[in-house]
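*Asks:* Let's see this in three dimensions:
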Amino acid sequence: MKPSVASIFRPRSVAVIGATNKPHTLARELVSNLLRSEFTGKVFPVNPRAPVVLCMKSYRSVLEIEDPVDLAVIIVAKEQVLSVVDECGRKGVKGLVIITSGFREVGGDGIERERELAARIAHYGMRAIGPNCMGVVNTDPAFSLNATFSTVRPPAGNIAFVTQSGALGDAIIAHGDRVGIGFSMFASMGNAVDVSANDLLRFWGDDANTDVILLYLESFGEPQQFTKIARDISRRKSLIAVKAGRTDAGARAAFSHSGSLAGLDAGVDALLDQCGVIRVTTVGELFDVALAVSCQPLPTGKRVGIITNAGGPGIMATDAAVSVGLEVPELQESTRQQLKQVLRAEASVRNPIDVIAIGGADDYRAAISACGDDPNVDALIVIFIPPIMIDAPAVARAIVDATAQLRERGNCKPVLTCFMNNGVAITEALAALRAARLPIYLFPESAARALAAMVRLGQWRARPEGTLPTFNVDIAAAQAIVSAVRQSGRRALSGDEARRLFEIYGVPVARRELVSDLDAATRAADAIGYPVVLKIEAAGLVHKTDVGAVITDVRTVAELVDAFRELKAICAARQIADAQILVQPMISGGREVIFGVTRDPVFGPLLMFGLGGVDVEVLHDVAFRVHPITDDEAAEMVRAIRARRLLEGYRGHAAADLELLQSILLRISQLVGDLPEIEQIDVNPFLVTARGGGSAAVDVRVLLDERAG
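*Replies:* Residues are numbered from 1 along each chain as shown. From the prediction side, this is the model:
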């Protein structure tokens, strides 16, 4: 177990190795930041050629410092870093922040230099951030640590931020200051030779000053650990992430639908969703959401009440809310009557409420009070465009007062504001809102997106954690099937091998008979019972329907003869070698769905469920989760697809057996956990009927990884 990172963020003494008096250098700016932030501990500049740095005694080496040193910030030439780390190790320094670049990121010798750096850090039992980073911040007044070279002093707050991009660090701190976001801690990870994002999550998860954690990630080091840590923290604190980069799964797309559909970054989406982490697409949206969750309680539902003083913004807000999955409900009749009594005759008392341009502080106060208490409303977006004749600061104070009164009545619905003017004229109004911890947005779309993210987090926290059920299966028999395939030098299981494997795990698979001649086909159809389905079965034939290799609803012997001859003609015309004809029962009245697995190189197995059949790659109506999944996650996967209404039953159609679908997802999850050799699975189509209607997999494909047999 590695030591805590507390020595980095809560030091009582800091040595800056490479400190200098030279103007316009990172080292001088870093020492200056320690002094300007009024760091509560001791600062020791280290520079063998400068006896004094910024009016402080300088030391030739960290070994000459008489006092203990908790944290050393290293900003020397890359060739000197290893020897400096050795000196820090001998001194007993517990934490390092290595600003210097020139390691793995430059390739060549830098890769070996970083390997050696990691080895020495581990040897001395130190914790280190960097190299190639911009430093760390802890605004807790007990420490007031700013060990960065940022030109902006980070404002204090309840948000911790970790970024893998040092170039973004300064801009992030500056933007936070502009929009009124304060930081509890900040870390620029750089190359992350030792301390990882997971380490920081553990530390910040227990930090009393941190309520929200923001992450800018370019890669996941240990996704399984991230999942465990993030799931725990998300129950207590808000995690918001920008994940840059894409996962290239193009090489796997040829074998299965699952591989091609997971080709972007489905693993990232699935992992973050399962962990309760809000994923956003831009740094701007990251701050929009952070502003809301750091200041306001989470909503209990997705119904939003909109209050405005102009029709256009009200329409914009309504459209934006609906587009991100929120609802703009009708207000109760009692609420509308209450509003009619207090608002002007020209005002609209429907949702969105329009107090009109001449509506002032009293109108906003009344609208927030009435709408906020309406049981049809879960959250408020309050929009104000400052007319020249209206006192904007008075309106802001009214919004603050009305929100405070809601809280006094036990009403904890979130209130987000949108002041569509951020000029000097309303500076006082904005200051009043910020002081009351009411988030402010320039446009309604930003407020709507932030509120939608809050809703998703609230829904995730309301979900039960679920359990990982285990089914009693003959694992030895399953392993024997895989071993036999390996020994034969193959990666793809035959249809019969895949059927036997799935039957071991309790997944229903339609009966299948492989035949080579017409007489055998006739006997197979008689044994199965008409109607039947005929298909071409060949090693290189992946998507059968693309070449007309499937004939359904064959009801008589005569139809069987015609279908058999037609498929044989296709084999001859397309020169399909070693082809056989597959005879299966015709399953009627079922919906086509797909189950799949593809093994992501970072996240491991990704489980997929969605609308199946020939349309799967056109409609892309699928849901992914990272293995293993709980019973509640299996149910969520089934509910997550857009076509779920087709499965739930509508217009006289019976509902599909949803419990069976959830059970199959859990059984497949156990299967790929028991058999890590499996790289991909495609069950498409699976025909799901009403309960007891004979649901079964029609086509099952299993591919093993590339290890030798």
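*Asks:* Number of residues surrounding the nearest residue to residue 436 once chain neighbours are set aside?
*Replies:* Ranked by C-beta to C-beta, 6 or more residues apart in numbering and with sequence neighbours excluded, the top spatial neighbour of residue 436 is residue 400, at 4.2 Å. Glycine gets a C-beta too; all of them are placed from N, C-alpha and C. Using other C-beta atoms under 10 Å, residue 400 has 21 other residues around it.
*Asks:* do residue 639 as well
*Replies:* By other C-beta under 10 Å, the residues close to residue 639 number 13.
*Asks:* And residue 332, by the same measure?
*Replies:* The burial count assigned to residue 332 is 15, neighbours taken as other C-beta under 10 Å.
*Asks:* that older thread, how near is the residue nearest to residue 436 to residue 417?
*Replies:* Between residue 400 and residue 417 the distance is 10 Å, computed by C-beta to C-beta, to the nearest Å.
*Asks:* What of residue 379?
*Replies:* Applying C-beta to C-beta, the value for residue 379 to residue 417 is 12 Å.
*Asks:* between these two, which one's more packed in?
*Replies:* residue 379 (28 against 24).
*Asks:* give the contact list for the spatially closest residue to the more buried one that is not a sequence neighbour.
*Replies:* The shortest distance from residue 379 to any residue other than its chain neighbours is 4.3 Å, reached at residue 299 (C-beta to C-beta, 6+ apart). Contacts for residue 299 (C-beta atoms under 8 Å, 6 or more residues apart in numbering) come out as 378-379, 413-414, 451, 454-455, 458.
*Asks:* what's the spacing between residue 299 and residue 449?
*Replies:* 14 Å.
*Asks:* which element is residue 279 on?
*Replies:* When elements are defined using DSSP states H and E, residue 279 is found to belong to strand 278-280.
*Asks:* Adjacent strands (with direction) for that strand?
*Replies:* With DSSP bridges as the criterion, the sheet partners recorded for strand 278-280 are strand 238-243 (parallel).
*Asks:* and the strand it pairs with, what's its mean pLDDT?
*Replies:* Confidence for strand 238-243, expressed as mean pLDDT, is 91.
*Asks:* before we move on, what about stretch 392-410?
*Replies:* Averaged across stretch 392-410, pLDDT comes to 96.
*Asks:* got the contact list for that stretch?
*Replies:* Contacts made with stretch 392-410 from outside it, assessed by C-beta under 8 Å, 6+ apart, are listed as 360-362, 364-365, 368-369, 372-373, 382, 384, 386, 412-413, 415, 417, 419, 425-426, 428-430, 432-433, 435-436, 438.
*Asks:* Check which helix or strand the residue nearest to residue 436 maps to.
*Replies:* Element membership of residue 400, judged by DSSP H and E, is helix 392-408.
*Asks:* Please save the CA atoms from that helix in CSV.
*Replies:* Extracted C-alpha coordinates of helix 392-408, given in CSV (Å, rounded to 0.1, in the frame of the first residue of the first chain):
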residue,chain,number,x,y,z
ALA,A,392,-31.3,44.8,-11.9
PRO,A,393,-29.6,44.6,-8.4
ALA,A,394,-33.1,44.7,-6.9
VAL,A,395,-34.3,41.8,-9.1
ALA,A,396,-31.2,39.8,-8.1
ARG,A,397,-31.8,40.5,-4.4
ALA,A,398,-35.4,39.4,-4.9
ILE,A,399,-34.3,36.1,-6.5
VAL,A,400,-31.9,35.6,-3.6
ASP,A,401,-34.6,36.3,-1.0
ALA,A,402,-37.2,34.2,-2.7
THR,A,403,-34.8,31.3,-2.9
ALA,A,404,-33.9,31.6,0.7
GLN,A,405,-37.6,31.6,1.7
LEU,A,406,-38.1,28.4,-0.3
ARG,A,407,-35.3,26.8,1.7
GLU,A,408,-36.8,28.1,5.0
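*Asks:* start the count at 429, not 1, going forward
*Replies:* Fine by me, first position is 429 from now on; the one you just mentioned is helix 820-836.
*Asks:* which SS class is residue 953?
*Replies:* Residue 953 carries the three-state label helix when classified by DSSP: H, G, I helix; E, B strand; the rest coil.
*Asks:* Around it, count how many other residues there are.
*Replies:* 27.
*Asks:* Fine, thanks again, bye for now.
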